[in-house]
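Q: My questions concern the predicted model and sequence given below.
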Amino acid sequence: MKALFVVLLFACFRVIPAGTAELRYFVSPRGRDSNNGLSETSPFKTLARAVKAASAAENAPPAEEDDSLIRTIIILGALEGKGEPLIDEASVFCIQDSGPAEITIRGRNGAKLLGSGRDFVLTGSPPELQTADEKPLELDSGDYRKGKRVISVLGNSRIRFADIEISRGITENYGGGLLVAGGASVIMESGVIRSNASTWGGGVFVIDYGSFILRGGSISGNTASIGGGAAFLRGICLMDEGDITGNAGVHGGGLWAGYGSAAVFTGGEIAGNEASDYGGGIVVYEASLTLAGNSLVRNNKAPRGGGLFILHKGFLPGQGVTMNGGVIEDNETGAYNGGGSYNGGGGLYSDGVFAMHGGVIRRNRALGDYYAGYGGGIFIGRGKSFFFSGGSIEENYAEQDGGGIYADEKSEMLAVKRTYTAGIVKNRAAFGGGIYIRRALLILQEGSIAENRAGYAGGGVYVDGGTLEMRGGEISGNVVEGARVMTDRGEVRHGGRQGGGVALGRRGVFRLYGGTLKGNVAGLGDAVMAGSGGVFEMSGGEIRDSEKQPVVVDPEGRFEQTGGSIEGDVIRPVNKW
């Protein structure tokens, strides 16, 4: 996969020397395939005829070598596929084995490639289909069976789209707007892919080592069960500009990448998409995704993983998500959707492998009651791992637990190694304003957990039957607000105000080897509150700048100090209060 990925990158960004001759062929619904296609007054009628001419470099200057020519097809107006040869019976247009030379298909005069369906828009939440005259539209099984996608690009083909609309495609299988398969590569430079529908990849579907590069334009208003905007199955996706917006699906409202696919986003925007199950913006399913540069995932919505959902069961090695840069912001999760497990992950839900080395996850929200509303910024699923070495998780909100991060059973977090740039800052929740650990392990080596707020307990960290090991870094300025905390829905929370820095629930363990807890505030235990069954072991580090009581230990809790320093008294009530 890596070798293929490198070759495709090199091929897609080949530089054309200045002064190279350009061959132009024109296509119009009023044209004829018996024309030479060399001007607007003598255009071809079908796209297939123009692709054949461009592939063979018909009428090229004799002195020009085939591989140095720029080949451009200019579409004039809207093409509906009349007269197109039947190459792929599921597609209105098909480009197959057009050769190694890149062909640009560019539009003029409102150019469109149209499928067999109808124009529609997605409205409301959850999104519903609506025709241009604002009437409801239902895509029944008959529509899918009888419909066709707009265009497929297959085999040994290299196509670039610019200033063109691909719309009205509908198919019961793959790619309502565009299918890229069998090693073909497509670059989208500008234009729009919209109002398409399918089962997989409403706008775009890439399979079998095809590649798709989004360098501009928009994939918007498409719908599918899997990957409303785009889906990749053993495919490659690069995105450095453009946007994937306003799409809808069951799994992956904006984009779904699965089963060995590789995606790299260094720019562009995935925004305003919605999924009815998980992954409002993106789903990464046994695949790999790298976020870097100025990439933006924002304002997406789903019951789990508002911005991004990761699923990795270990079938394929080297899969998961790496965040080196970019921003995941203003995404949201809502009502519980069943399944017996907790919902949440306003910004990101990881049921796989996630590593964050840079970038920002901010202002995401996890809303809901009881089974929903966990992990405003990030939800780490059972038995999964999160490595956090840089970047910031800030200003996220969970209506239940874990404003910044919620770590579910048997998960592991290493936060943070060899850097001071990582921070979990200014997040809010009922329990665990910064982090909530549920029978999981957190190792804090460096970095900071600061200025987070909780309504009940654990302004910085709440440990519920899990373990927090602090070897360095800082837990500072966190607050448990008690009755003063206000939810995003305007409801006032009332609580015991316990553990400003760290609160230990039953069987929660905090081992302090190094680092600093300072300036945290709570009613009981400004720095640490060890509740019933909680264990606090201190062999290093320091606790200072507390408002009243730095450490409070429940009569049924345990505290042991063999090193380090505490500024102030340790309170050990004889009786329960």
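A: Received, thanks.
Q: What segments of the stretch 451-577 of the chain are strands?
A: Along the stretch 451-577 of the chain, counting by DSSP state E, counting those that start in this stretch, strands occupy 453-457, 461-464, 467-470, 474-476, 479-480, 502-504, 509-512, 516-518, 528-530, 535-544, 551-553, 558-566, 570-571.
Q: got the ones you listed as TSV, with distance to Thr333 and mean pLDDT columns?
A: (Each C-beta comes from the backbone N, C-alpha and C, glycine too.) Below are these laid out as TSV (distance: least, Cβ to Cβ, whole Å; pLDDT from 0 to 100):
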stretch	distance to Thr333	mean pLDDT
strand 453-457	19	94
strand 461-464	20	96
strand 467-470	25	95
strand 474-476	26	96
strand 479-480	24	96
strand 502-504	24	97
strand 509-512	29	98
strand 516-518	31	97
strand 528-530	29	96
strand 535-544	33	97
strand 551-553	34	96
strand 558-566	36	97
strand 570-571	38	92
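Q: same question for stretch 303-314, mean pLDDT?
A: Stretch 303-314 carries an average pLDDT of 90.
Q: next one: it to chain centre, how far?
A: In terms of Cα atoms, centre = their mean, to the nearest Å, the centre of stretch 303-314 is found 8 Å from the chain centre.
Q: same thing with stretch 443-450?
A: 25 Å.
Q: With only the CA atoms kept, save it in PDB.
A: Extracted C-alpha coordinates of stretch 443-450, given in PDB (Å, rounded to 0.1, in the frame of the first residue of the first chain):
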ATOM      1  CA  ILE A 443      -0.300   8.000  32.300                       C
ATOM      2  CA  LEU A 444       0.500  11.700  32.500                       C
ATOM      3  CA  GLN A 445       4.200  12.300  31.800                       C
ATOM      4  CA  GLU A 446       4.100  16.000  30.700                       C
ATOM      5  CA  GLY A 447       1.700  18.600  29.500                       C
ATOM      6  CA  SER A 448      -1.100  20.200  31.400                       C
ATOM      7  CA  ILE A 449      -4.700  19.600  32.600                       C
ATOM      8  CA  ALA A 450      -5.800  23.200  33.400                       C
END
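Q: Pull out the buried residues from it.
A: Neighbour counts over stretch 443-450 (16 or more other Cβ atoms under 10 Å) mark Ile443, Leu444, Gln445, Glu446, Gly447, Ser448, Ile449, Ala450 as buried.
Q: From those residues, which land in helices?
A: Among those, no member falls in helices (criterion: DSSP state H).
Q: Let me know the closest of those residues to Leu524.
A: Ranked by distance to Leu524 (Cβ to Cβ), the buried residues of stretch 443-450 are led by Ile449 at 19.3 Å.
Q: Show me what the closest one is bridged to.
A: Ile449 has the following beta-bridge partners by DSSP bridges: Ile424, Ile475.
Q: Number the residues from 39 up from this point.
A: Sure, I'll start counting at 39 from here, so that last one is Ile487.
Q: okay, Phe51: pLDDT?
A: 40.
Q: hang on, the earlier thing: closest one of the buried residues of stretch 481-488 to Gly213?
A: Checking the buried residues of stretch 481-488 against Gly213 with Cβ to Cβ, the nearest one is Gly485 at 42.8 Å.
Q: I figured that closest one hits Arg509, correct?
A: No: look at Gly485 against Arg509 with Cβ atoms under 8 Å: they stay out of range, at 11.1 Å.
Q: What distance do you get for Ile231 to Gly539?
A: 50 Å (Cβ to Cβ, to the nearest Å).
Q: Look at those two and report which has more neighbours.
A: Just comparing Ile231 and Gly539: by other Cβ atoms under 10 Å the higher neighbour count belongs to Gly539, 36 against 33.
Q: In space, what's closest to that one - neighbours in sequence excluded?
A: Asn558 (3.7 Å; Cβ to Cβ, 6 or more residues apart in numbering).
Q: I'd say that neighbour and Asn516 touch.
A: Yes: assessed by Cβ under 8 Å, Asn558 is found in contact with Asn516 at 4.8 Å.
Q: any common contacting residues for these two?
A: With contacts defined as Cβ atoms under 8 Å, 6 or more residues apart in numbering, the residues shared by Asn558 and Asn516 are Gly497, Gly498, Gly538, Gly539.
Q: From these, pick the one nearest Gly207.
A: Gly498 (50.8 Å).
Q: Quick one: neighbours of that closest one, just the number.
A: So Gly498, with other Cβ under 10 Å, has 35 neighbours.
Q: Quick check: phi and psi on it?
A: Phi and psi for Gly498, reported as degrees, to the nearest 10, are phi -90, psi -60.
Q: Just give the closest residue to it, not the sequence neighbours.
A: Using Cβ to Cβ, 6+ apart, the nearest residue to Gly498 is Asn516, at 3.8 Å.
Q: Near that neighbour, how many residues? Count them for me, please.
A: Counted with other Cβ under 10 Å, Asn516 comes out at 32.
Q: ok, it touching Ser486?
A: No: between Asn516 and Ser486 no contact is recorded; they are 10.3 Å apart, counting by Cβ under 8 Å.
Q: confidence score at Thr525?
A: 49.
Q: swap in Val612?
A: 56.
Q: chain center to stretch 583-595, what's the gap?
A: On Cα atoms, centre = their mean, the centre of stretch 583-595 falls 41 Å from that of its chain.
Q: Ok, stretch 394-409 next?
A: Worked out by Cα atoms, centre = their mean, stretch 394-409 lies 12 Å from the chain centre.
Q: gap between the two ends of it?
A: In stretch 394-409, first residue to last residue: 27 Å (Cα to Cα, to the nearest Å).
Q: What are the buried residues along it?
A: So stretch 394-409, judged by 16+ other Cβ under 10 Å, has buried residues 394-406, 409.
Q: again with stretch 91-111
A: So for stretch 91-111, counting by 16+ other Cβ under 10 Å, buried means Ala91, Ala92, Ser93, Ala95, Ala98, Leu107, Arg109, Thr110, Ile111.
Q: Using JSON lines, please lay out the residues you listed together with pLDDT, secondary structure and distance to Phe426.
A: Shown next, in JSON lines, are these (pLDDT from 0 to 100; DSSP: H, G, I helix; E, B strand; the rest coil; distance: Cβ to Cβ, whole Å):
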{"residue": "Ala91", "pLDDT": "96", "secondary structure": "helix", "distance to Phe426": "55"}
{"residue": "Ala92", "pLDDT": "96", "secondary structure": "helix", "distance to Phe426": "49"}
{"residue": "Ser93", "pLDDT": "95", "secondary structure": "helix", "distance to Phe426": "50"}
{"residue": "Ala95", "pLDDT": "91", "secondary structure": "coil", "distance to Phe426": "53"}
{"residue": "Ala98", "pLDDT": "82", "secondary structure": "coil", "distance to Phe426": "56"}
{"residue": "Leu107", "pLDDT": "86", "secondary structure": "coil", "distance to Phe426": "50"}
{"residue": "Arg109", "pLDDT": "95", "secondary structure": "strand", "distance to Phe426": "48"}
{"residue": "Thr110", "pLDDT": "97", "secondary structure": "strand", "distance to Phe426": "47"}
{"residue": "Ile111", "pLDDT": "97", "secondary structure": "strand", "distance to Phe426": "48"}
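Q: Now for the residues you listed: which two are most distant?
A: Ala98 and Ile111 (14.4 Å).
Q: Among the shared contacts of Asn558 and Asn516, which one sits closest to Asp446?
A: Closest approach to Asp446 among those (Cβ to Cβ): Gly498, at 18.9 Å.
Q: show me what contacts the closest one?
A: Gly471, Gly472, Ile473, Ile487, Ala488, Asn490, Ile513, Asn516, Gly538, Gly539, Val540, Asn558 are the contacts of Gly498 under Cβ under 8 Å, 6+ apart.
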